[in-house]
Structures are given as C-alpha cells and as structure tokens.
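Asker: Give me a 3D structure for the following:
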Amino acid sequence: MPKPKVFVSRKIFPEYLDLISRKANMELWEDELPPSRSILLKKSKGVDGILCLLTDAIDAEFMDAAGPQLKVVSQIAVGYNNIDVPEATRRNIAVGYTPDVLTNTTADFTFALLMAGARKIAAGYKFVQEGKWETWHPLHFLGQDVYGATLGIVGMGRIGFEMARRATGFNMNIIYYDVNRRTDLEQQIPMKYVDFDTLLKESDFVSLHTNLTPETNHLMSDAQFRKMKPTAVLVNASRGPVVDHAALYRALKNETIWAAALDVTEPEPIPSNDPLLTLDNCLIVPHIASASVATRREMSRLAAQNLINGLEGKELLTCVNPEVYHN
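Answerer: Next up, the predicted model:
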C-alpha cells in the first residue's frame, strides 16, 4: 500500500521531520520565507495531510486544490485563525494545533516584555551601543515600577492566568476582563473581575491575551488609549490585529500612554518603514514568545504526531474540531 502524501510548509525539529518521512511521502518547503499562495496551492494538490503555520491560509480554495482525499491539517501554533475550521469540519477534515505546551514559555516572555517596556531596556541598550553612555545621570531612562503596580489582563485563558501567577511574585494588584468571569481561577489567585473600561482606566500595565475574532479586531484603538493612564504600558503577545497600529502610534507619539511592547504586529513582519519603529517608547520583537528550545521542540512533536494520527485515521492528540469523529 503506498504511503500517504503530505506537505510540510516549514522546517521543524529534524527528528520529527524524520518521523513524518517514515510514515508518509513528505515534501518539505525548505526556504526561510513561507511559500507563496500560488506555490501553496500547487504543493497541496493530492496531499492527504499538511503541517502548516499561521502564515498559510487554509481555506476552501486550498481544500479544493488539495482534493477530497485530504484528511488532516496540523498547525504548529496555538492559534488557528488562518484555517477555515467550519469548512474543514464540513469536509470531515481534522484540524490539529499545539495548545498548552507553549503556555508557560509564552507567559515568561510576555512578562519579560512588560518589564522591558516599563524600564526602557531596549532604549538603554541602544544608547550604550551607540556610544552615548558618558556618565550616570539621575534623570536618564526613568521608567515605571512593576512591583505593587496594577496589572490588567484582557483574556483570562491559559496564558493570561500564567501572567497573573507571575505577577503575584511582584506583589501586583491583578484585575482582568474576559467575556466570561473566571470565578474558578479567582479562587487560586487574588484577582478581581472588572469591565473593560474599568480595566483600561485603572491599569498600570494592560496585557492582551485574547483570541482574534471580529469582535477583538482593533480592540485597542484611539478611544481605548484615551482611557488609559499616561503612565500605562501596553503589552501584546496575542495577535497583531487586536491593536490598531495607527492609533497606537498616535497614543505613543502624543504621550497618551507611556510605552508599548509588542511580540505580534499587523501585518507580520512589520514593514521596516512603519512609524512605530521610529519611537523609543515602542519595543517590537518578531513573534518569538514561544521560542525556547524545549517548547519549540515539543510543538514540533505534537504537530508531527497530530499529522500522523490524522493520516492513520486516529484521533488527533489536540484537535480543534473533534466533532469530525462523530459525523
């Protein structure tokens, strides 16, 4: 019996590429940049499964190009807004993703962003690199204290909760907003549920951990920034479009808020001429919150195993649409 055919749209840890290649006829996209739309559609033709990234649009057009034999879409990410999940479900295609394994690593990094934005670490490093450090000065690079400050978390999911846990070590006052109040989590950590406007007004740090939906697209825009403290720091490690970048630029330039620290942007990668990159009070890094060796290796393992399970007709270890098993 011939092996199933799969396309892997980016390099992952080599031991898991080897695992896939033992189970399937694998074609690997080896370039650093993602395949173009036309190449993705061409490579999808006749595949039984794909291991993909957020940069790959897996929609009805893709599924049509692949053909009716497509069984599984395995994403190496916790998000999946690039995948038309209802359409995949309609076609009985299982969709896998990699939740949980990156929760703590992402929370670690998001807290690092929070501190870097508060204490002007990037600007200070640039100052030293450019040879401008000539003396210690009592008024240079003054930042905002983290300990004892109020942290407002938007989206109390897995990563939001881990951010709250880390904040307790800094004796922070924790408030949060979510579409659903999490009384179960409030019993584990001292934190208070508030409405969104109250969170914006009271927080010294606003950390975004919400999914990207039509309702959260540009959740943070001019009106929201005007409600924040002039000393507040915005942190975004969720999805880039949750923040209106033009509005953020205005808020930072006009000192409506103190600073921003972003792991995600709209678009990605952010253009080199984006005005946000001209601001000393805006720190932007290239979507690396989950980028630890251990976490990315485990994401590779989980994505590879989801792909293999789907090819073999087994339930995925982590499935976005488990209802496909009950059709």
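
Asker: so where's the chain uncertain?
Answerer: 327 (pLDDT under 70).

Asker: In the record's domain split, what are the boundaries for it?
Answerer: The chain breaks down by automatic domain parsing into domains covering 5-100+293-326, 103-284.

Asker: quick one, strands of the stretch 201-327 of the chain?
Answerer: With DSSP state E, counting those that start in this stretch, the ranges of strands along the stretch 201-327 of the chain come out as 205-208, 233-236, 259-262, 282-284.

Asker: how near is the residue nearest to Lys253 when sequence neighbours are not counted to Leu70?
Answerer: Closest residue to Lys253 apart from its sequence neighbours, by Cβ to Cβ, 6 or more residues apart in numbering: Leu279 at 6.7 Å. For the C-beta atoms, the positions are set from N, CA and C on the backbone; glycine is no exception. Noted for Leu279: a distance of 45 Å to Leu70, by Cβ to Cβ, to the nearest Å.

Asker: Likewise for Ala294?
Answerer: Distance of Ala294 to Leu70, given as Cβ to Cβ: 32 Å.

Asker: In the protein, spot the helix with the most residues.
Answerer: The single longest helix within the chain, with elements called by DSSP state H, is helix 293-311.

Asker: what about the residue found closest to Ala251 once you drop the neighbours it is linked to in the chain, how many neighbours?
Answerer: Excluding its sequence neighbours, the residue lying closest to Ala251 (Cβ to Cβ, 6+ apart) is Phe225, at 3.8 Å. Phe225 has 23 neighbouring residues, counting by other Cβ atoms under 10 Å.

Asker: list the contacts for Phe225?
Answerer: Residues in contact with Phe225 (Cβ atoms under 8 Å, 6 or more residues apart in numbering) are 234, 247-248, 250-251, 256-257.

Asker: Thr256 reaches Arg250, doesn't it?
Answerer: Yes: assessed by Cβ atoms under 8 Å, Thr256 is found in contact with Arg250 at 7.3 Å.

Asker: circling back: ok, Ala294 and Leu70, which is more surrounded?
Answerer: More crowded of Ala294 and Leu70, by other Cβ under 10 Å: Leu70, with 23 against 9.

Asker: For my notes, confirm the more buried one occurs in a strand.
Answerer: No: assignment of Leu70 by DSSP: H, G, I helix; E, B strand; the rest coil gives coil, placing it outside any strand.

Asker: most centrally placed residue in the protein?
Answerer: For the chain, the residue nearest the mean C-alpha position is Ser238 (4.3 Å; Cα atoms, centre = their mean).

Asker: Distance check, that one against Thr216.
Answerer: Ser238 is 8 Å from Thr216, by Cβ to Cβ.

Asker: what do the two both touch?
Answerer: Residues touching both Ser238 and Thr216 (Cβ under 8 Å, 6+ apart): Thr210.

Asker: hmm, who's touching stretch 156-171?
Answerer: If you take Cβ under 8 Å, 6+ apart as the criterion, stretch 156-171 is touched by 99-100, 103-104, 106-108, 110-111, 146-149, 151, 153-154, 174, 176-178, 182, 185, 189-191, 207, 209, 211, 237.

Asker: Could I get the buried residue list for stretch 274-289?
Answerer: 274, 276, 279, 281-285, 287, 289 (16 or more other Cβ atoms under 10 Å).

Asker: now swap in stretch 57-65 and tell me
Answerer: Buried residues in stretch 57-65 (16+ other Cβ under 10 Å): 58, 62-63, 65.

Asker: I'd like these written out as JSON lines, with distance to Arg90 and secondary structure added.
Answerer: Shown next, in JSON lines, are the buried residues of stretch 57-65 (distance: Cβ to Cβ, whole Å; DSSP: H, G, I helix; E, B strand; the rest coil):
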{"residue": "Ile58", "distance to Arg90": "13", "secondary structure": "strand"}
{"residue": "Phe62", "distance to Arg90": "14", "secondary structure": "helix"}
{"residue": "Met63", "distance to Arg90": "9", "secondary structure": "helix"}
{"residue": "Ala65", "distance to Arg90": "16", "secondary structure": "helix"}
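
Asker: mind listing the helices for the stretch 51-200 of the chain?
Answerer: For the stretch 51-200 of the chain, applying DSSP state H, counting those that start in this stretch gives helices covering 60-66, 85-90, 103-119, 121-129, 158-168, 183-186, 196-202.

Asker: Output these in TSV, with distance to Pro230 appended to each entry.
Answerer: Listed next are those as TSV, based on distance: least, Cβ to Cβ, whole Å:
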stretch	distance to Pro230
helix 60-66	46
helix 85-90	41
helix 103-119	14
helix 121-129	18
helix 158-168	22
helix 183-186	30
helix 196-202	12
